[in-house]
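> let's see this in three dimensions:
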Amino acid sequence: MIRPCRPADVETVLKIWLEASSRAHAFVDRSFWEARLADMRELYLPAAQTWVHEWDGTVVGFVSLLDDILAAIFVAPTEQGRGVGSALLQHAKQSREQLSLTVYAANEASIAFYRRHGFEVVGEQLDEHTGYPELAMSWQAQAPGAGGRASTSS
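Okay, here's the model as predicted:
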């Protein structure tokens, strides 16, 4: 079940974010992510619309949107590969006409995930916090009745 994030979910969301970030971005020292927990709790999560995916009363993943930016999508490492991320991304796409995101260029699994869900690379840049290269990606909803893939422009 996907539902809006509640205050009682925040600590679980932060634990998922830390564990999934550390695993997906092993090229960045874990201490970097640990040092950002307070910012996630106090700045980023409150600024975004966040939904959680819950199984049997346990939060197993979340997605956060800041306007049309896919700011975060993370699934507990033990639950990855079970459709949670796809369900969360589909939920986000149903609430927006377009989405953009950045993803580390070294995170090949996430890039492949986004491509499977219709995102296209529209640019490259360096992450200002880590200095690692990242890709800018975007997705646009198809117009009703349009065939084929939606196009994006950069």
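> quick one: low-confidence ranges for the chain?
Scanning the chain for pLDDT under 70 picks out 143-154.
> what are the ranges of the helices in it?
Counting by DSSP state H, the chain has these helices, from start to end: 10-24, 30-34, 37-39, 45-47, 84-94, 108-116.
> report how many residues lie close to residue 78.
For residue 78, the number of neighbouring residues by other C-beta atoms under 10 Å comes to 10. Where you see a C-beta, it was placed from the backbone N, CA and C, and this is true even at glycine.
> ok, it - contacts?
If you count contacts by C-beta atoms under 8 Å, 6 or more residues apart in numbering, residue 78 has none.
> measure it to residue 63 for me?
Per C-beta to C-beta, to the nearest Å, residue 78 is found 18 Å from residue 63.
> I'd like the helices of the chain as CSV, with distance to residue 56 and mean neighbour count appended.
Shown next, in CSV, are the helices of the chain (distance: least, C-beta to C-beta, whole Å; neighbours: other C-beta atoms under 10 Å):
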stretch, distance to residue 56, mean neighbour count
helix 10-24, 14, 18
helix 30-34, 27, 13
helix 37-39, 26, 11
helix 45-47, 23, 14
helix 84-94, 13, 18
helix 108-116, 24, 14
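> would TSV of the ones you listed with distance to residue 58 be doable?
Below are the helices of the chain laid out as TSV (distance: least, C-beta to C-beta, whole Å):
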stretch	distance to residue 58
helix 10-24	8
helix 30-34	22
helix 37-39	20
helix 45-47	19
helix 84-94	11
helix 108-116	22
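> of those, which is nearest residue 124?
helix 108-116 (11.8 Å; C-beta to C-beta).
> residues in contact with the closest one?
So helix 108-116 is contacted by 24, 85, 89, 101, 103, 104, 105, 121, 135, 137, 139 (C-beta under 8 Å, 6+ apart).
> change it to 10 Å
23-25, 70, 73, 80, 85-86, 89, 99, 101, 103-105, 107, 119-121, 135, 137-139 (C-beta atoms under 10 Å, 6 or more residues apart in numbering).
> quick one, that helix and helix 10-24 angle?
Helix 108-116 and helix 10-24 are oriented at 110 degrees to each other (axes from the mean of the first three to the mean of the last three C-alpha atoms, to 10 degrees).
> what sits against residue 39?
residue 45.
> use 53 as the first number for this chain going forward.
In the new count, where the first residue is 53, that last one comes out as residue 91.
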